[in-house]
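Chemist: Kindly generate the corresponding structure for this input.
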Amino acid sequence: MVFYLDATLSRPTRALIPGHLMKPTLLRIALAVTTTLLLPPAHSEEVGSVNTNFRITGSDRVVVEAYDDPLVQGVTCYVSRARTGGVKGTLGIAEDPTEASIACRQVGTIHFTGPVKQQADVFSVSMSLIFKSLHVVRVVDAKRNTLVYLTYSDRVVSGSAKNSVSAVPIPTGTTIPVK
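Modeler: Numbers count the residues shown, from 1 in each chain. The predicted structure is shown next:
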């Protein structure tokens with residue numbers, strides 16, 4: 001899709017109408033917002049947390065959340081990440097730090113609910129009001145019959161190279177159905 005500039009339209013209107021040129025920053029913002037809205041919401045369960053910095057209005061914490069892979073029954077990913085407290089954190093407008101760690105494990109009999117892509121976003125969680133997200137990506141290592149899970153964060157304008165990886169070997173005799 002090509003976007004062209006029409007000087008007769010206001011800037012917000014130009015950003016919303018196909019066929020009008022948008023600045024790269026506006027295009028990235030629109031793409032990030034669209035991607036965030038299109039990804040299925042991540043269903044997590046907070047397993048535990050520790051306080052790292054006491055504040056009267058709410059402490060900064062490191063939380064551990066469990067995410068079940070929606071296409072691979074029997075696999076759960078545990079993600080630890082920092083959560084900002086204080087007034088902004090309580091109101092949900094704080095920007096959480098980009099650091100996160102992941103450990104994925106087989107927690108039951110592995111069953112694929114359908115074919116999985118070679119590489120796909122599995123979960124995405126907002127780390128700020130709009131512009132920052134934490135992603136978990138599943139990568140299929142067919143040669144080793146293993147699912148590899150990668151976590152990283154991104155921003156509309158610039159992402160972070162900070163990442164963490166975990167792998168779940170699939171039992172012998174079970175083949176990963178790749179799309």
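Chemist: Identify each buried residue in stretch 109-122, please.
Modeler: Applying a neighbour-count criterion of 16 or more other CB atoms under 10 Å, one finds 110, 112, 116, 122 buried in stretch 109-122. (Each C-beta comes from the backbone N, C-alpha and C, glycine too.)
Chemist: Give the phi and psi angles for the third one, as a check.
Modeler: Backbone torsions for residue 116, taken as degrees, to the nearest 10, come to phi -110, psi 150.
Chemist: what's the pLDDT at the residue nearest to it when sequence neighbours are not counted?
Modeler: Leaving out its chain neighbours, the residue that sits closest to residue 116 by CB to CB, 6 or more residues apart in numbering is residue 71, at 5.3 Å. On the pLDDT scale, residue 71 is placed at 97.
Chemist: Any stretches of this protein with poor pLDDT?
Modeler: Along the chain, segments meeting pLDDT under 70 span 1-42, 55-58, 84-98, 127-132, 155-160.
Chemist: Let me see the ranges of the helices in it.
Modeler: Secondary structure of the chain (DSSP state H): helices located at 11-16, 24-38, 86-91.
Chemist: And the strands in the chain?
Modeler: 44-53, 60-68, 72-83, 100-112, 119-126, 132-141, 146-155, 163-169 (DSSP state E).
Chemist: and the fifth one with strand 72-83, angle?
Modeler: Relative orientation of strand 119-126 with respect to strand 72-83: 40 degrees, computed using axes from the mean of the first three to the mean of the last three CA atoms, to 10 degrees.
Chemist: Pairing partners for strand 119-126, with directions?
Modeler: Within its sheet, and counting by DSSP bridges, strand 119-126 is paired with strand 132-141 (antiparallel).
Chemist: mind listing what's buried in the partner strand?
Modeler: Buried residues in strand 132-141 (16+ other CB under 10 Å): 132, 133, 134, 135, 136, 137, 138, 139, 140.
Chemist: and of the residues you listed, the nearest to residue 172?
Modeler: residue 140 (16.4 Å; CB to CB).
Chemist: which residues does that closest one contact?
Modeler: By CB atoms under 8 Å, 6 or more residues apart in numbering, the contact set of residue 140 is 116, 117, 118, 119, 147, 148, 176, 178.
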